[in-house]
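[1] Predicted model and sequence below, questions to follow.
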Amino acid sequence: MARSLRGEITQMVVAVAVAIAVVYILEFVLLLASHYYPALKVYDVYIKDTIGGIITIGISITLVRIVRHIIETISERNAGQRNLRGIFIILRVVIYAVAIFWFLSYIGVNIEGALVGGAIGGVVIGFALQSVVSNLFSGLMVSGGGLLTPGEPVSIYSWLFGPVLTGTVEDVKTLYTKLRTQSGQIYLMPNTALLGSSLFTPLRDGTDLKYSFNVTVQADVPVDDIMKCVKENLETGRSENSIVSSDLFLSSKNGTTNTILAIAKFSKIDDLNPVVDYINRVTDGCYWSIKNRKT
């Protein structure tokens, strides 16, 4: 990886050097021609500005490519755990902005006056783009911090979205995150909402996925009998219903209903809906089976 980076830097430096050499050769040719044609001397200033512009463009493009290569290398070393695309966008803007200001200063433009005018306009633009900038920095925190990783199954709860969203993160962009739920529905969620008002629950548990949910049953049937029946059915039908393992716990009871906490492990996110459906059906079947026996 280091050799590849050095090779790319060397190629870019050589390309910039060749471009500069070509510009100087053209300048020499034009100066030589102006010796015989004095009218060409008026173009001397434009030639120098052209040289400065080409050098500025070459150096800025070189720096951007080097920064991109470094960021891609860091992302690969982290096995995709950190998406640094947002950081690259900001660094690219900074590099090009510095290059533009340097070139304007080189050709004699009053940078201080431009900055004062730009500051006034920047305040107005800043208010207009407040939400965009907020999303941008939230995207940097979400992607660069490894909070959400493309391809990772996760449950996201936020009062802004309503019910819990469970699915696979498909992409983490600068302004929003793309989530595909276990039902196949696509959600595009602003990063500001994710960072400031959301609770994340990773589903990955080693090589499997783990998901927990509540099952409520009426209290007119002993809950111990229901849980025993459900466990027996889950044990016998586990392999046929994509369940790696499962646990049941009595979560709460209020006199009229009992709430059972079901924890299931399975292999892939596509199995989530069938697993939840199967456990709910088994619980319902056990309840009615025991209730009918008692009556």
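    Now that the structure is in, tell me what you want to look at. Just so it is clear, the structure is predicted and the values come from calculations on it, not from any experiment.

[2] Without its sequence neighbours, what residue ends up closest to residue 56?
    residue 103 (4.5 Å; C-beta to C-beta, 6 or more residues apart in numbering). In short, each C-beta sits where N, CA and C put it, glycine included.

[3] The one you found and residue 51 touch, don't they?
    No. Counting by C-beta atoms under 8 Å, residue 103 stays clear of residue 51, with 11.0 Å between them.

[4] Please, which helix or strand holds residue 70?
    helix 44-77 (DSSP states H and E).

[5] so how far is that helix from its chain's centroid?
    Distance, stretch centre to chain centre, for helix 44-77: 26 Å (C-alpha atoms, centre = their mean, to the nearest Å).

[6] next SSE after it?
    Counting by DSSP H and E, the next helix or strand C-terminal to helix 44-77 is helix 85-106.

[7] which secondary structure elements does that next one contact?
    Applying 3 or more C-beta pairs under 8 Å, 6 or more residues apart in numbering; DSSP states H and E, we find helix 85-106 packed against helix 44-77, helix 111-128, helix 130-144.

[8] ok, now which ones touch the residue nearest to residue 166 when sequence neighbours are not counted?
    Take residue 166 and drop its neighbours on the chain: the residue closest to it by C-beta to C-beta, 6+ apart is residue 155, 4.4 Å away. Listed by C-beta atoms under 8 Å, 6 or more residues apart in numbering, the contact set of residue 155 reads 164, 165, 166, 200, 201, 203, 211.

[9] So what are the sheet partners of whichever strand or helix holds residue 155 and their directions?
    Residue 155 is part of strand 153-157 when elements are defined by DSSP H and E. Sheet pairing here is set by DSSP bridges, and for strand 153-157 it gives strand 165-172 (antiparallel), strand 199-202 (antiparallel).

[10] Could you tell me how far it lies from the centre of the chain?
    14 Å.

[11] picking up where we left off before, now for the strands paired with strand 153-157, which one comes closest to residue 159?
    Residue 159 lies closest to strand 199-202 among the strands paired with strand 153-157, at 9.8 Å (C-beta to C-beta).

[12] how far does the closest one sit from the chain's center?
    Offset of strand 199-202 from its chain centre (C-alpha atoms, centre = their mean): 15 Å.

[13] Any buried residues in it, and which?
    Neighbour counts over strand 199-202 (16 or more other C-beta atoms under 10 Å) mark no residue as buried.

[14] Which residues are in contact with residue 244?
    208, 238, 265, 266, 267.

[15] Would you mind measuring from it to residue 260?
    Distance of residue 244 to residue 260, given as C-beta to C-beta, to the nearest Å: 19 Å.

[16] circling back to that earlier point, quick check: angle from the helix holding residue 70 to helix 85-106?
    With axes from the mean of the first three to the mean of the last three C-alpha atoms, to 10 degrees defining the directions, helix 44-77 sits at 160 degrees from helix 85-106.

[17] Just the buried residues of helix 44-77, please?
    Neighbour counts over helix 44-77 (16+ other C-beta under 10 Å) mark 47, 51-52, 55-56, 58-64, 66-69, 71, 75 as buried.

[18] ok, now stretch 246-257?
    For stretch 246-257, the neighbour count (16+ other C-beta under 10 Å) marks 246, 248 as buried.

[19] what do you get for stretch 155-174?
    Buried residues in stretch 155-174, counted by 16+ other C-beta under 10 Å: 155-158, 161, 165-169, 171-174.

[20] where does residue 214 land in three-state SS?
    strand (DSSP: H, G, I helix; E, B strand; the rest coil).
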